[in-house]
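# Fold the following for me, if possible:
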Amino acid sequence: MKQGFVYFMSNKKNGVIYIGVTSELIQRDYQHKSGTIEGFTKKYNCKKLVYFECHDAIVTAIEQEKKLKNLPRAKKIEIIERQNPEWRDLSGELI
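Numbering: from 1, shown residues only. Next up is the predicted model:
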């Protein structure tokens, strides 16, 4: 079974937060940064990978994404800042 990733993209610290899920995080991160994906992240310039978590199965990642999307904004910020208080772009940690 394929592993899955839940990830948060943002445009700046305490800025817009996009939550997504993918089985190919490096490729998906590149797509967001290069603007090749039409939609929310392109419209709001969300090019910083500020949080991600890995799951053993894509179905588990999808379930987690749904839970995270339903959280209040303050909780989403808390999740990011627990691991990434400066809201650094974590793309370099994917290799």
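
# what sits against Leu71?
By CB atoms under 8 Å, 6 or more residues apart in numbering, the residues touching Leu71 are Ile79. Every C-beta, even on glycine, is put in place using the N, C-alpha and C of the backbone.

# For it, report the pLDDT, please.
Note on Leu71: pLDDT of 98.

# For it, what are phi and psi?
Backbone torsions for Leu71, taken as degrees, to the nearest 10, come to phi -70, psi 150.

# Please renumber the chain so that the first residue is 34 from this point on.
Taking 34 as the first residue, the last one we looked at is Leu104.

# how much space is there between it and Gln97?
11 Å (CB to CB, to the nearest Å).

# Which stretches in the protein count as strands?
37-43, 50-55, 81-88 (DSSP state E).

# Those into CSV, with extra columns for mean pLDDT, distance to Trp120 and mean neighbour count?
CSV is the format used below for those (pLDDT from 0 to 100; distance: least, CB to CB, whole Å; neighbours: other CB atoms under 10 Å):
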stretch, mean pLDDT, distance to Trp120, mean neighbour count
strand 37-43, 98, 6, 24
strand 50-55, 98, 10, 20
strand 81-88, 98, 5, 20
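
# Now distance to Glu114 too, for those strands, in CSV please.
As requested, the strands of the chain are exported to CSV (distance: least, CB to CB, whole Å):
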stretch, distance to Glu114
strand 37-43, 11
strand 50-55, 12
strand 81-88, 9
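
# For Tyr63, find the nearest of those.
Of all the strands of the chain, it is strand 81-88 that lies closest to Tyr63, at 10.2 Å by CB to CB.

# For the closest one, what is the distance to the chain centroid?
Centre-to-centre, strand 81-88 and its host chain are 5 Å apart (CA atoms, centre = their mean, to the nearest Å).

# circling back: tell me which of the strands of the chain lies nearest to Ile113.
Nearest of the strands of the chain (CB to CB): strand 81-88, 4.8 Å.

# Pull up the pairing partners for that closest one, direction included.
Paired neighbours of strand 81-88 in the sheet (DSSP bridges): strand 37-43 (antiparallel).

# could you check the angle strand 50-55 makes with the strand it pairs with?
For strand 37-43 against strand 50-55, the angle by axes from the mean of the first three to the mean of the last three CA atoms, to 10 degrees is 160 degrees.
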